[in-house]
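Chemist: can't give you the sequence, but here's the structure:
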């Protein structure tokens with residue numbers, strides 16, 4: 001089973017429906033996939049209805065808001081974190097997923113392309129369902145590429161911890 005996680009507000013700007021549709025399409029290709037969504041928002045009822053109306057209950061799960069320990073465990077236990085967001089400041093979800101080995105699948109907003117090294121440390125979504133499904137399917141079919149990307153994501157993210165940022169700020173203030 002290939003597992004995906006969405007962490008964020010269930011709102012139009014975060015595109016949780018797109019995350020569900022990605023997994024739905026991957027499932028239709030015969031792949032054993034599942035998606036767990038963490039978060040609350042004004043789209044929750046619509047998402048529940050979509051899951052129910054399309055018989056996705058066996059592989060799409062809405063878990064609501066959860067504490068940081070549950071989210072950390074989700075990053076550790078899942079293969080991918082999906083963030084099809086329209087905009088981001090600092091995409092904390094992407095950084096946290098990378099840190100715990102949960103490969104990001106995200107839109108090219110804010111600093112995400114740089115974080116993902118333009119597709120070398122994760123998948124950059126085009127927000128074209130067929131193209132994005134094809135891109136993810138290709139990665140699922142090449143485990144070696146997936147493992148290499150995860151390794152690069154972990155290496156990069158662990159260089160950017162709060163301790164590193166604090167030390168850099170202290171260094172700047174002392175100059």
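Modeler: Noted; the coordinates are in hand. Nothing here was measured: the structure is a model prediction, and the numbers come from that model. Numbering: from 1, shown residues only.

Chemist: Give me the phi and psi angles of residue 76.
Modeler: Dihedral pair for residue 76: phi -70, psi -40, per degrees, to the nearest 10.

Chemist: wait, isn't it in contact with residue 102?
Modeler: Yes: in this structure, residue 76 is within contact of residue 102 by Cβ atoms under 8 Å, at 7.4 Å. The way it works is simple: take the backbone N, C-alpha and C, and place the C-beta from them, glycine included.

Chemist: out of these two, which sits in the more crowded spot?
Modeler: residue 102 (28 against 12; other Cβ atoms under 10 Å).

Chemist: roughly how far apart are that one and residue 110?
Modeler: For residue 102, the distance to residue 110 equals 19 Å [Cβ to Cβ, to the nearest Å].

Chemist: And the helices in this structure?
Modeler: 16-28, 44-53, 68-77, 92-99, 112-115, 129-140, 143-157, 162-174 (DSSP state H).

Chemist: Deepest in the core, which of those is it.
Modeler: Counting by mean count of other Cβ atoms under 10 Å, helix 92-99 has the highest mean neighbour count of those, with a mean of 22.

Chemist: Show me the shaky parts of this protein.
Modeler: 160-169, 172, 175 (pLDDT under 70).

Chemist: hmm, 80 instead?
Modeler: 89-90, 160-175 (pLDDT under 80).

Chemist: got the contact list for the closest residue to residue 16 other than its chain neighbours?
Modeler: Counting by Cβ to Cβ, 6 or more residues apart in numbering, residue 16 lies nearest to residue 10, which is 5.0 Å off, once chain neighbours are set aside. Neighbouring residues of residue 10 by Cβ atoms under 8 Å, 6 or more residues apart in numbering: 16, 37, 39, 40, 41, 42, 43, 44, 47, 62.

Chemist: residues in contact with the first one?
Modeler: Right, the one you point to is residue 16. 6, 8, 10, 37, 39, 41, 43, 47, 84.

Chemist: and of those residues, the nearest to residue 69?
Modeler: residue 39 (15.9 Å; Cβ to Cβ).
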